[in-house]
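Enquirer: The following block contains a protein sequence and its predicted model.
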Amino acid sequence: MKFTIRWMILLVSSLSLLLAEAVEELAHQELRTLRKEIIEAVIKGDIDTVIKHTRPDVVVTWQNSVVCRGHQELKDFFTEVGKKSF
C-alpha cells in the first residue's frame with residue numbers, strides 16, 4: 001500500500017512538472033511571436049501595429065532618457081525620432 005502511494009505521488013509530481021514546462025513554453029512562444037511582430041512593425045515604420053500591442057497607459061523609457069506616456073506620446077516619439085533612425 002505504501003509503495004503504491006509513493007508511486008502515485010511520484011507520478012502526479014512528474015505530470016505536474018511536465019504540465020508546468022508546457023505552459024511555460026507556450027508563454028515563451030507567445031512572447032517570441034510578439035517580439036517578432038513588433039520588430040517587423042518598427043522596421044516597416046508601422047507605429048499603429050506597435051501601439052496595438054501596448055496598453056493605453058503604456059510608459060516607455062528610451063535609451064536616450066526620453067519617457068513616453070500613453071499612445072499619443074509613443075506615436076509622437078516614433079514620428080519625430082523613428083523616421084530619422086529607421
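Expert: Received it, and whenever you're ready, just let me know what you need. This is a predicted model, so every value here is computed, not measured. Residues are numbered from 1 along each chain as shown.
Enquirer: And for Glu73, the neighbour number?
Expert: Neighbours of Glu73 under the rule other C-beta atoms under 10 Å: 15. From N, CA and C alone the C-beta is placed, and that goes for glycine too.
Enquirer: check contacts around it.
Expert: Neighbouring residues of Glu73 by C-beta atoms under 8 Å, 6 or more residues apart in numbering: there are none.
Enquirer: Which parts of this protein are strands?
Expert: 59-61, 67-69 (DSSP state E).
Enquirer: Tell me which of those is the most buried.
Expert: strand 67-69 (a mean of 13; mean count of other C-beta atoms under 10 Å).
Enquirer: Show the average pLDDT along it.
Expert: The average pLDDT for strand 67-69 rounds to 96.
Enquirer: As CSV, the strands of the chain with distance to Met8 would be great.
Expert: Formatted as CSV, the strands of the chain follow (distance: least, C-beta to C-beta, whole Å):
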stretch, distance to Met8
strand 59-61, 49
strand 67-69, 53
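Enquirer: Hmm, Val67 is touching Val59, no?
Expert: Yes. Taking C-beta atoms under 8 Å as the definition, Val67 is a contact partner of Val59 at 6.7 Å.
Enquirer: burial count for the closest residue to Leu34 other than its chain neighbours?
Expert: Distances taken as C-beta to C-beta, 6 or more residues apart in numbering place His53 nearest to Leu34, at 6.3 Å, with adjacent residues excluded. Other residues within reach of His53, judged by other C-beta under 10 Å, total 12.
Enquirer: Contacts for stretch 29-40 next, please.
Expert: If you take C-beta under 8 Å, 6+ apart as the criterion, stretch 29-40 is touched by 49-50, 53.
Enquirer: ranges for the helices of this structure?
Expert: Along the chain, the segments classed as helices by DSSP state H run 2-44, 47-52, 70-77, 83-85.
Enquirer: Which among the ones you listed is found nearest to Gln63?
Expert: Ranking those by proximity to Gln63 (C-beta to C-beta) places helix 83-85 first, at 11.3 Å.
Enquirer: residue nearest the centroid of the protein?
Expert: A centroid search over the chain (C-alpha atoms, centre = their mean) returns Leu31, at 3.9 Å, as the residue closest to the centre.
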